[in-house]
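# Mind folding the following:
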Amino acid sequence: MSVFNTCTVFVCNVLKCIWLSILLMIFKPEIHSQNTLSPALGFNIFTEQSVEIKGGDVEGAIAAGGDLKFGNANWQGNFQGGNPFAVVDGEKYAMVIAGKIDWQNSNNQFNFNLNNNPWLLKFGDLNGASYQNNQLFSGSRRLQLNASPGIQTRLSDFSGPGIINFSNAFQKLRLTSSELAKNCDVNVTYKLSGGVLTVEQLQPGTNILELSELVLNSVNVINWVNRPDANHLLVINIVASSKFSFRVPPLNLQRKHGKYIIWNFKDQSEVEIKGTIQGSILAPQAHVEKVGGVNIE
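Predicted coordinates:
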């Protein structure tokens, strides 16, 4: 049984993204018998509580158990690349927000460039929104929709509480995160010299690598004997303090490698990510903040 996911996804308790371009690609299931991140339902951003997005582009479906806040830039949601929707009960969703649209603490607009595709947006609480000319808006703050005519044409079409059981999903994800960290033996070693960390040979199947905060803070670049792929899956368990600022070094990976990697932050309550990271972020306990004008791929 594989412990690996078949999509790249951002799973956390709270997500705050400040001035970046998020590039989160969904990939179709391949050869593996189990998708470790299946409780995320194929959403590329999946948070138990709220999501705050400021600046840049978002690719892939978004789901949050709390509120949506946006601002300070024009956004294009679900633009190009990967799978731009997730399927829940047979319906295709670009965004599901269980809480409210936080108009009061948002700025400017969020552009949903759905390319006239019939992907749905649902919100638990529209929070006084109006709908006109393919826009949800409150005052000067707006969600601009470039959607298929006739799919969502009335304000009530966007109301959809209770679509996802986030509590149940995160109960499973916390258990998965704990099992990956505690019950899977480390079977990958590395060499560290002069700030260069070289990951040793990955074996066929699931590979478990453990990296400490001390090691990560001393690394300037990561090299590989062989890179993760469909036959060489990799879980990286992070052992760090509760509040961890992760300066991501150059990883020498391409986008195609990222879908075979999980970065597991089991114990962290706050994670700040600086730099370009390839792979899925599993941080079911954490308030995650992604800063800097670079991608998560």
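# Now name the helix or strand holding the residue lying closest to residue 191 once chain neighbours are set aside.
Nearest non-adjacent residue to residue 191, counting by CB to CB, 6 or more residues apart in numbering: residue 198, 4.8 Å away. All C-beta atoms are positioned from the backbone trio N, CA, C, and that covers glycine. Assessed by DSSP states H and E, residue 198 sits inside strand 196-199.
# for that strand, packing partners?
strand 190-193, strand 221-224 (3 or more CB pairs under 8 Å, 6 or more residues apart in numbering; DSSP states H and E).
# Now that strand: average pLDDT?
On average, the pLDDT along strand 196-199 is 98.
# Please identify the buried residues of that strand?
Buried residues in strand 196-199, counted by 16 or more other CB atoms under 10 Å: 197, 199.
# wait, the residue nearest to residue 191 sits on residue 209?
No - shown here, residue 198 and residue 209 do not form a contact pair, counting by CB atoms under 8 Å, at 11.8 Å.
# what touches both of these two?
The overlap between the contact sets of residue 198 and residue 209 (CB atoms under 8 Å, 6 or more residues apart in numbering) consists of residue 190.
# thinking again about what came up before, so who does the residue nearest to residue 191 touch?
Neighbour list for residue 198: 190-192, 222-225 [criterion: CB under 8 Å, 6+ apart].
# Next: residue 144.
If you count contacts by CB under 8 Å, 6+ apart, residue 144 has them with 109-112, 134-135.
# so which of the residues you listed would you say is closest to residue 243?
Nearest to residue 243 out of the contacts of residue 144 is residue 110 (CB to CB; 29.1 Å).
# Neighbouring strands of whatever helix or strand that closest one lives in in the sheet, and parallel or not?
Assigned by DSSP H and E, residue 110 belongs to strand 109-113. Under the criterion DSSP bridges, strand 109-113 sits next to strand 74-77 (parallel), strand 141-146 (parallel) in its sheet.
# ok now that strand, how far from the chain's centre?
Centre-to-centre, strand 109-113 and its host chain are 18 Å apart (CA atoms, centre = their mean, to the nearest Å).
# Tell me what angle the following helix or strand past it forms with strand 109-113.
Under the assignment DSSP H and E, the closest C-terminal helix or strand after strand 109-113 is strand 120-125. If you take axes from the mean of the first three to the mean of the last three CA atoms, to 10 degrees, strand 120-125 sits at 150 degrees to strand 109-113.
# Show me what counts as buried in strand 120-125.
For strand 120-125, burial by neighbour count (16+ other CB under 10 Å) applies to 120-124.
# ok so, going back, so the residue nearest to residue 191 versus residue 227, what's the distance?
From residue 198 across to residue 227, the span is 12 Å (CB to CB, to the nearest Å).
# same question, residue 95
The value you get for residue 95 to residue 227, if CB to CB is used, is 32 Å.
# Neighbour count for those two, which is higher?
Higher neighbour count among residue 95 and residue 227: residue 95, with 27 against 19, using other CB atoms under 10 Å.
# what bridges to the more buried one?
Bridge pairing for residue 95 - DSSP bridges - gives residue 62, residue 121.
# Any chance of CSV for the helices and strands packed on strand 196-199, columns mean neighbour count, mean pLDDT and distance to residue 262?
Output for the helices and strands packed on strand 196-199, formatted as CSV (neighbours: other CB atoms under 10 Å; pLDDT from 0 to 100; distance: least, CB to CB, whole Å):
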stretch, mean neighbour count, mean pLDDT, distance to residue 262
strand 190-193, 12, 97, 17
strand 221-224, 16, 98, 16
